[in-house]
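> Structure, please.
(one chain, ligands or ions: 1)
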Amino acid sequence: MNDPATICPKCNGPLTELQGGLRHCAGCGFEGEAPPAAKPRAFGSSKTAFWILLVAPAALALGSFLVGYASPQSGVVVGFAGLVSGAIAAIYCGCWLGVRFGRTDGARVAITLVLIPAIAAVNFFIVCAGCARTLQF
Ligand SMILES: [Zn+2]
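Numbering: from 1, shown residues only. Here you go, the predicted model:
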């Protein structure tokens, strides 16, 4: 990540970052303010949740596939959890990506509306593939 403010506004000398995010200029003694905290965004804030939700349905489908060998009933339960998480993930990830990549409100809504069914479809197929053996289709 590039730091936007690495040049002293007073003398244009290089700024060094101190602990706590304060910037200090060795040339003129200027001490900048701490950089503003990143703007919190409703959906763009948690990358971790995004990835967990994106991977969870596939992980649960795989779990269902593996558990299904030992106990078909448990496999169905895990597979159902995968299906539910797939629906949640589609909504969350669709909104997350829409908010993050849409430049206008209209684009955000459009991206979200396209991605939610797309992610839901992918998750549905993954979970069905994982459960197919368990349910003996
Ligand atoms: Zn300076």
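> in stretch 7-23, what counts as buried?
Judged by neighbour count (16 or more other C-beta atoms under 10 Å), stretch 7-23 contains these buried residues: 8, 15, 23. Backbone N, C-alpha and C define where each C-beta goes, glycine included.
> Going by distance to the ion, which of the residues you listed wins?
Nearest to the ion among the buried residues of stretch 7-23 is residue 8, at 3.2 Å by C-beta to the ion.
> So which residues on this protein come close to the ion?
Neighbours of the ion within the chain, by C-beta under 5 Å from the ion: 8, 10, 11, 13, 25, 27, 28, 30.
> okay, those in TSV with pLDDT and secondary structure next?
Below are the residues of the chain next to the ion laid out as TSV (pLDDT from 0 to 100; DSSP: H, G, I helix; E, B strand; the rest coil):
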residue	pLDDT	secondary structure
8	84	coil
10	83	coil
11	90	coil
13	86	coil
25	86	strand
27	86	coil
28	89	coil
30	82	coil
